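>>> Got a predicted structure here, sequence first:
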Amino acid sequence: MLAKNIVINIPSGLEARPVALLVQVASRYESAIYVETGDKKVNAKSIMGMMSMGLQSGDEVTITANGEDEEVAMENIEKYLTGN
């Protein structure tokens, strides 16, 4: 299992379209992927769960990935969330 703290660098924050794109990125992988902040932990493949987090640019989250493709999943989710 991998875990990494990431600061979101998406100018609009995670509103509807950016959340949908994040869910698409996460859904490409077999690994279980979660986004955690404060006391909330949500499956990154759940559009409703991700929308409920109300994340903004500059917020720090912890991403966890667990599975066969966890390294590439973590790398690509980090790229998306940091705008790289």
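It's in. All values derive from a computational prediction rather than experimental measurement. Numbering: from 1, shown residues only.
>>> Please count neighbours and contacts with C-alpha atoms only from this point.
Fine.
>>> phi, psi of the nearest residue to residue 65 once chain neighbours are set aside?
Ranked by Cα to Cα, 6 or more residues apart in numbering and with sequence neighbours excluded, the top spatial neighbour of residue 65 is residue 33, at 4.4 Å. In terms of degrees, to the nearest 10, the main-chain angles of residue 33 are phi -130, psi 130.
>>> Pull the number of nearby residues for residue 33.
Under the neighbour criterion other Cα atoms under 10 Å, residue 33 is assigned a count of 24.
>>> which residue sits closest to the residue of the chain most remote from its centre, ignoring its sequence neighbours?
Among the residues of the chain, the one whose C-alpha is farthest from the average of all C-alpha positions is residue 68, by Cα atoms, centre = their mean at 17.7 Å. When the adjacent residues along the chain are set aside, residue 68 lies closest to residue 31, with 6.3 Å between them (Cα to Cα, 6+ apart).
>>> How about the contacts made by the one you found?
Going by Cα atoms under 8 Å, 6 or more residues apart in numbering, residue 31 touches 65, 66, 67, 68, 69, 70, 73.
>>> still on that earlier bit, where's the residue farthest from the centre of the chain, which helix or strand?
Secondary-structure element containing residue 68, defined by DSSP states H and E: none, the residue being outside all helices and strands.
>>> Give me the pLDDT for it.
Confidence at residue 68, expressed as pLDDT, is 97.
>>> re the thing from before, touching, the residue nearest to residue 65 and residue 50? I think so.
No: when contacts are counted by Cα atoms under 8 Å, residue 33 is not listed as touching residue 50 (11.7 Å).
>>> Can you check which residues contact both of these two?
Taking Cα under 8 Å, 6+ apart as the contact criterion, the common neighbours of residue 33 and residue 50 are 43, 44.
>>> just checking, residue 61 is part of a strand?
Yes: assessed by DSSP: H, G, I helix; E, B strand; the rest coil, residue 61 belongs to a strand.
>>> which residues touch it?
The neighbours of residue 61, taking Cα under 8 Å, 6+ apart as the test, are 5, 6, 7, 8, 35, 36, 37.
>>> Contact partners for residue 22?
Neighbouring residues of residue 22 by Cα under 8 Å, 6+ apart: 44, 45, 77, 80, 81.
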